[in-house]
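Student: Pasting a predicted model and its sequence here:
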Amino acid sequence: MASGRNDDAIAKAIECIAGVTTLTEPRATAQAATQATQIVAQATAYTGGQGNVQINEFMVMSRFHKANPPSFEGHYNPDGAQKWLQEVEKIFIWVACFEGQKVHLGTFMLTEEAEYWWDNACQRLDNAGTAITWVVFRNMFLVKYFPEDICDRKDMEFVKLE
């Protein structure tokens, strides 16, 4: 690959930006536009004089969305929450994303009540100076949407099956 610009990556990012206009939710539109801008910046940047263009973020995002990840609305649905988490984590393995990308990819699939919950949780974490990692998100998500009493009940059901 030639050093400097990657016209294919730029073209794909522009397609991504064009697709943003079809979104109706303002927050999702802003997030997608920010991601597309970052992709263009990465595709046009030189990296350490080696001449390799880093477009991993775009490739991971593209593969993640091609895998058709489920969205999660929130509400009381412990089984749905557990299934959503399992599906998203299975896609993370398939797309081979970095740990730091998981929060952005996974939380992008939160909608409605779950999205509002996560926005508030992020504010609390930021105020506390807590780093937002997938492990932190996962733990908070399970506490919120898969309460301990449900977890205990599932454990008891499993023990009865043996």
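Tutor: Yep, it's here.

Student: residues touching residue 125, list them.
Tutor: 132, 136 (C-beta atoms under 8 Å, 6 or more residues apart in numbering). Heads up, the C-betas are built off the backbone N, CA and C, glycines and all.

Student: Apply 10 Å and report the result again.
Tutor: Residues near residue 125 by C-beta atoms under 10 Å, 6 or more residues apart in numbering: 118, 131, 132, 133, 136, 137, 140.

Student: go on, residue 91?
Tutor: 63-70, 97, 102, 105-106, 109.

Student: try 6 Å
Tutor: 67, 69 (C-beta atoms under 6 Å, 6 or more residues apart in numbering).

Student: Can you list the low-confidence ranges for the chain?
Tutor: For the chain, the stretches flagged by pLDDT under 70 are 1-55, 148-162.

Student: Could I get the full set of helices for it?
Tutor: Remark: helices assigned in the chain by DSSP state H are 7-20, 26-44, 56-66, 78-95, 99-107, 112-128, 134-145, 148-161.

Student: how far off helix 134-145 does the shortest one point, in degrees?
Tutor: Note on geometry: by axes from the mean of the first three to the mean of the last three C-alpha atoms, to 10 degrees, helix 99-107 and helix 134-145 are set 30 degrees apart in direction.

Student: returning to that earlier point: now the buried members of the contacts of residue 125.
Tutor: 118, 132, 137, 140 (16 or more other C-beta atoms under 10 Å).

Student: What about the residue nearest to residue 101 when sequence neighbours are not counted, how many residues nearby?
Tutor: The shortest distance from residue 101 to any non-neighbouring residue, by C-beta to C-beta, 6 or more residues apart in numbering, is to residue 60 (5.7 Å). When neighbours are counted by other C-beta atoms under 10 Å, residue 60 registers 19.
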